[in-house]
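In: the following block contains a protein sequence and its predicted model.
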Amino acid sequence: MRSISHQSSSGASITTLLKGCKRSEHLEQVHASIIHRGLEQDHFLISLFIPLSHTLSTLSYSSTVFLRVLTPSTFLWNTLIKSHCQNSFFSHTLSAFARMKAHGALPDNFTYPSVIKACSTTCKPWEGKSLHGSAFRCGVHRDLFVATSLIDMYGKCGQIVDARKVFDGMSERSVVSWTSMLVGYVAVGDVVEAKKLFDEMPQRNVASWNAMLQGFVKVGDLSCARGVFDVMPEKNVVSFTTMIDGYAKAGDMVAARFLFDRAPGKDVVAWSALISGYVQNGQPNQALRVFLEMESMKVKPDEFILVSLMSASAQLGHLELAQWVDSYVSKSCIDLQQDHVIAALLDMNAKCGNMERALKLFEEKTKRDLVLYCSMIQGLSIHGRGEEAVNLFNKMLMEGLSPDEVAFTVILTVCSHVGLVDEGWEYFQSMKERYYISPLPDHYACMVDLLSRSGHTRDAYELIKLMPGEPHAGAWGALLGACKLYGDSELGEIVANRLFEFEPLNAANYVLLSDIYAAAERWIDVSLVRSKMRERNVQKIPGSSKI
DNA sequence: CTAGGGTTAG
């Protein structure tokens, strides 16, 4: 028997009580009286209770209450699913949906948007596809909200063609549908299609403008972004944060700070954009100063802020600061199991010299991702434990993780450091052959450096000729230095002549060049180089050989 | 159901 609360006097009074709940203790009292009056099966009351217990109390508390309902209606399932979703419990959203179907409750058009959102946030496009099919079988796939969340889901997962299909098949679209489609184009970096859609939109709100703004910021087109920003009919803190982040990523922290000071209603995200900007631009002290400024404004730091702070401490290599941040994180309610947090924490400890802590963090984590491995490998390397670093990299490969460009930079640097020519060469080759990554100039430079310093100057020369992009002063310098060191004057001259074509050079390379020419007794070239050095005001480096 | 911030290298 179900009682309908707004018809029974006790249910109505409890509804009033529930709406007045501000703390978890209040909620527990109300729960007690729900049990006392035998209203545990009142779906309306429970539907009010669930979202409240999510915000005021814990996830397990709300689950307990929900589990006591014998036959939850579709309406009640929807309340649970939506509440899970709104509180970012996405895996719970998906499992609640599975339980709902197992219980035989029929999902409707109010069920799907939250479930689809949970799916897009955890980025599982294959599950999204099956949800699409499921919504189709329930006959709700053409519902405005369901279709809009499908566009959002496909767009966020990069399935732009599927998103567009849903969009084109809609008979009625809201401003949110249009914005979701726009976000899809922005997500895949297609700012041209994004702009086209933006111009076609029948109506726009501030979210649409912000999405367009982000589109330009993402491709680094700050002048277009600025153009949009200046003509927006309405700006909010999100618009400002997008621009702050854009300027920060472009290295213009003066502009970023200027906008930050003018941003209305600065929240933790706006602070985060500024702080991480300073960190990414190698100004850890400034980042720290802004963090203290934020604390004085009583803004509570979240895990994003703390990750930036860890990176700042790592850059400074300041052990006491690192220990302070480490204990700060332990005391706060930040989830320490998040991949980003662990990786940053490990890197900070390794760089600040607390290897025991770094290793402990690594050992305790069972599901290790690429970044965590790379941080650990790098950490071992900077403490002179290159062999262990290489072994760990191989272990990572055995676990089936696919290295990216950064991972290869790390491992090639390690090999170069330890002088492991064969291993380095093997990794370098496997980049293209096994992982389909074309090596960047930095990867070539690392390899050239390794080959040169271990005496394989001819191989290094063959490789340097294949290097893409502008001539890399470091790589050429390393090769030149090796020719001199190993007395290969013939190759030295070839390299020198080639390098000379790339003028102007850096100071060290001019010095090496004149040394090579001197060894070959090409005095005319020596004086040519020296006059170039005088012209460019290059000081002779102390300790280099005299002629 | 739509908009903003984080980690690893050089």
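Out: Perfect, thanks for sending it.

In: isn't residue A:529 right up against residue A:510?
Out: Yes: here residue A:529 reaches residue A:510: they are 6.0 Å apart, a contact under C-beta atoms under 8 Å. Glycine gets a C-beta too; all of them are placed from N, C-alpha and C.

In: those two: which is more packed in?
Out: residue A:529 (26 against 22; other C-beta atoms under 10 Å).

In: so how far is residue A:192 from the closest residue to that one other than its chain neighbours?
Out: Nearest residue to residue A:529, sequence neighbours excluded (C-beta to C-beta, 6 or more residues apart in numbering): residue A:514, at 4.3 Å. To residue A:192, residue A:514 is 51 Å away according to C-beta to C-beta, to the nearest Å.

In: more neighbours: which of those two?
Out: residue A:514 (24 against 11).

In: tell me what the helix or strand where that one lies is packed against?
Out: Using DSSP states H and E, residue A:514 maps to helix A:507-519. Counting contacts by 3 or more C-beta pairs under 8 Å, 6 or more residues apart in numbering; DSSP states H and E, helix A:507-519 is packed against helix A:473-485, helix A:489-500, helix A:523-535.

In: to DNA strand B, which of these lies closest?
Out: Among the helices and strands packed on helix A:507-519, helix A:473-485 comes nearest to DNA strand B, with 6.9 Å by C-beta to the nearest atom of the strand.

In: give the buried residues for the closest one.
Out: For helix A:473-485, the neighbour count (16 or more other C-beta atoms under 10 Å) marks A:473, A:474, A:475, A:476, A:477, A:478, A:479, A:480, A:481, A:482, A:483, A:484 as buried.

In: which residues of the stretch 401-547 of chain A lie near DNA strand B?
Out: A:404, A:405, A:406, A:407, A:409, A:410, A:413, A:440, A:442, A:474 (C-beta under 7 Å from any atom of the strand).

In: out of the residues you listed, who has the most neighbours?
Out: Using other C-beta under 10 Å as the neighbour criterion, residue A:407 leads these with 24 neighbours.

In: nearest residue to that residue in space, please, no chain neighbours.
Out: That would be residue A:374: by C-beta to C-beta, 6+ apart, it lies 5.3 Å from residue A:407.

In: tell me which element residue A:272 is part of?
Out: Judged by DSSP H and E, residue A:272 forms part of helix A:268-280.

In: now what about that helix, what contacts it?
Out: A:237-238, A:240-241, A:244-245, A:247-249, A:253, A:256-257, A:260, A:263, A:284, A:286-287, A:290-291, A:294, A:299-302, A:304-305, A:308-309, A:311-312, A:315 (C-beta atoms under 8 Å, 6 or more residues apart in numbering).

In: of the residues you listed, which are in range of DNA strand B?
Out: Among the contacts of helix A:268-280, the residues lying close to DNA strand B (C-beta under 7 Å from any atom of the strand) are A:237, A:238, A:240, A:241, A:245, A:302, A:304, A:305, A:308, A:311.

In: just these now: which is nearest residue A:139?
Out: Distance to residue A:139, by C-beta to C-beta, is smallest for residue A:238 among these, at 36.0 Å.

In: so for residue A:127, what's the nearest residue that isn't a sequence neighbour?
Out: That would be residue A:119: by C-beta to C-beta, 6+ apart, it lies 5.3 Å from residue A:127.

In: can you report how many residues lie near the one you found?
Out: 28.

In: related to what we said a few turns ago, inside helices: which ones of the ones next to DNA strand B among the contacts of helix A:268-280?
Out: A:237, A:238, A:240, A:241, A:245, A:304, A:305, A:308, A:311 (DSSP state H).

In: contact partners for the fourth one?
Out: By C-beta under 8 Å, 6+ apart, residue A:241 lies in contact with A:263, A:269, A:270, A:273.

In: ok, the last one to DNA strand B distance?
Out: Spelled out, it's residue A:273. 4 Å (C-beta to the nearest atom of the strand, to the nearest Å).

In: what's the spacing between that residue and residue A:466?
Out: Counting by C-beta to C-beta, the gap from residue A:273 to residue A:466 is 40 Å.

In: who's more crowded, those two?
Out: Neighbour totals were compared for residue A:273 and residue A:466, and residue A:273 leads with 26 against 9 (other C-beta under 10 Å).

In: next one, pLDDT for the more buried one please.
Out: Looking at residue A:273, its pLDDT is 98.

In: how about the one 10 residues further on?
Out: The predicted structure scores residue A:283 at 97 on the pLDDT scale.

In: cool, and the one 5 residues further on?
Out: At residue A:288 the predicted local distance difference test score is 96.

In: do residue A:532 as well
Out: 83.

In: picking that back up, pull the CA atoms of the helix holding residue A:514 into CSV?
Out: What follows is helix A:507-519, C-alpha atoms only, in CSV (Å, rounded to 0.1, in the frame of the first residue of the first chain):
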residue,chain,number,x,y,z
ALA,A,507,77.8,30.8,-28.6
ALA,A,508,79.0,27.3,-27.8
ASN,A,509,78.7,26.1,-31.4
TYR,A,510,80.7,29.1,-32.7
VAL,A,511,83.5,28.1,-30.3
LEU,A,512,83.3,24.4,-31.4
LEU,A,513,83.3,25.4,-35.0
SER,A,514,86.4,27.5,-34.7
ASP,A,515,88.1,24.6,-32.8
ILE,A,516,87.2,22.1,-35.5
TYR,A,517,88.6,24.4,-38.2
ALA,A,518,91.7,25.0,-36.2
ALA,A,519,92.3,21.3,-35.8
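
In: not counting its neighbours along the chain, what's nearest residue A:124?
Out: residue A:157 (7.8 Å).

In: what's the answer for residue A:362, then?
Out: Closest residue to residue A:362 apart from its sequence neighbours, by C-beta to C-beta, 6+ apart: residue A:376 at 4.9 Å.

In: wait, the one you found touches residue A:395, no?
Out: No: with contacts counted by C-beta under 8 Å, residue A:376 stays clear of residue A:395, the gap being 10.3 Å.

In: who's more crowded, those two?
Out: Neighbour tally, residue A:376 and residue A:395, criterion other C-beta under 10 Å: the higher count belongs to residue A:376, 26 against 13.

In: so residue A:326 touches residue A:346, yeah?
Out: No: with contacts defined as C-beta under 8 Å, residue A:326 does not count as touching residue A:346, sitting 10.7 Å away.

In: just the element for residue A:451, please.
Out: In the assignment (DSSP H and E), residue A:451 maps to helix A:441-453.

In: which parts of that helix count as buried, going by neighbours?
Out: Buried residues in helix A:441-453 (16+ other C-beta under 10 Å): A:442, A:443, A:444, A:445, A:446, A:447, A:448, A:449, A:450, A:451, A:452, A:453.

In: list just the nearest of the residues you listed to DNA strand B.
Out: residue A:442 (5.4 Å).

In: where's the closest one relative to residue A:302, distance?
Out: Computed as C-beta to C-beta, the residue A:442 to residue A:302 distance reads 33 Å.

In: same check on residue A:312?
Out: From residue A:312 over to residue A:302 the distance is 16 Å, taken as C-beta to C-beta.
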